[in-house]
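Asks: what's the 3D shape of this:
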Amino acid sequence: MTRTIRAVTPRCDGFEATHSNNRLVVRQCPDKGIVLTFNGQPLLVLKAEFYCEWNRENQFLAVQSSTIKVLTSASTQPLFRYEYLRDPNNVPSAHLHVHAHRDAMTYVMTKVGRTTRRPQRRGGKDGIPALQDLHFPLGGHRFRPALEDILEMLIDEFNVDHERGARDVLAEARAAWRMTQTKAAVRDAPGAAVEALTALGYHITAPDSASATRHVDRLRSL
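Replies: Coordinates of the predicted model:
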């Protein structure tokens with residue numbers, strides 16, 4: 001992760017993993033954020049942290065929750081933030097919050113009022129909902145955006161300064177992330193993997209205890 005970040009901004013502080021309440025926390029140390037510049041001047045700050053626990057089979061660490069925020073360099077409120085919750089409570093597991101002011105969206109959110117449980121939780125002390133209260137789904141447990149996607153988006157959309165070759169490093173790390181997620185998806189639905197590989201000419205013998213779908217909740221959840 002440090003290598004990925006330093007491909008864009010080489011002088012930023014690296015990430016460290018520490019134990020906290022039987023969990024592994026991965027965050028920048030010191031946790032002051034990654035400053036992204038434009039023409040050498042601070043433009044944006046990216047903050048990211050990941051909380052990990054052992055997966056169901058106790059074979060490898062799985063992300064329990066993560067947050068990636070993008071702020072302007074002069075603000076404590078994010079422009080937007082990506083969040084992931086392995087065990088969400090009535091919200092999409094992977095989702096995007098947009099911290100912005102848009103009158104039309106606020107009007108719609110106010111109009112629907114408190115007709116369902118989630119709108120009932122919206123709004124601050126004045127009861128007025130904000131765009132940042134919405135959870136935009138982003139591919140669920142297996143196909144959510146990676147840190148590399150967000151960094152490259154900031155390069156493309158905001159023209160933040162970056163090192164030569166940064167895109168290649170981001171692409172390499174993105175491919176590794178997606179390969180890991182592909183393996184995780186196979187564990188969720190081994191039957192689908194067998195079907196796809198058989199169509200490609202592979203010969204696979206399933207164990208007697210094999211199940212076509214092991215973690216159907218991961219496939220069905222938002």
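Asks: from the chain's centre, how far out does stretch 80-87 sit?
Replies: Distance, stretch centre to chain centre, for stretch 80-87: 6 Å (C-alpha atoms, centre = their mean, to the nearest Å).
Asks: got the buried residues for the helix ranked longest in the chain?
Replies: For the chain, the longest helix by residue count, based on DSSP state H, is helix 166-188. Of all the residues in helix 166-188, those buried under the rule 16 or more other C-beta atoms under 10 Å are 166-167, 169-170, 173-174, 177, 181, 184-188. Where you see a C-beta, it was placed from the backbone N, CA and C, and this is true even at glycine.
Asks: next one: stretch 59-73
Replies: Buried-residue list, stretch 59-73, by 16+ other C-beta under 10 Å: 63-71.
Asks: Same list (these) but as JSON lines, adding secondary structure and pLDDT.
Replies: Below are these laid out as JSON lines (DSSP: H, G, I helix; E, B strand; the rest coil; pLDDT from 0 to 100):
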{"residue": "63", "secondary structure": "strand", "pLDDT": "93"}
{"residue": "64", "secondary structure": "strand", "pLDDT": "94"}
{"residue": "65", "secondary structure": "strand", "pLDDT": "96"}
{"residue": "66", "secondary structure": "strand", "pLDDT": "96"}
{"residue": "67", "secondary structure": "strand", "pLDDT": "96"}
{"residue": "68", "secondary structure": "strand", "pLDDT": "95"}
{"residue": "69", "secondary structure": "strand", "pLDDT": "94"}
{"residue": "70", "secondary structure": "strand", "pLDDT": "91"}
{"residue": "71", "secondary structure": "strand", "pLDDT": "87"}
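Asks: out of those residues, what pair is the most spread apart?
Replies: 64 and 71 (23.7 Å; C-beta to C-beta).
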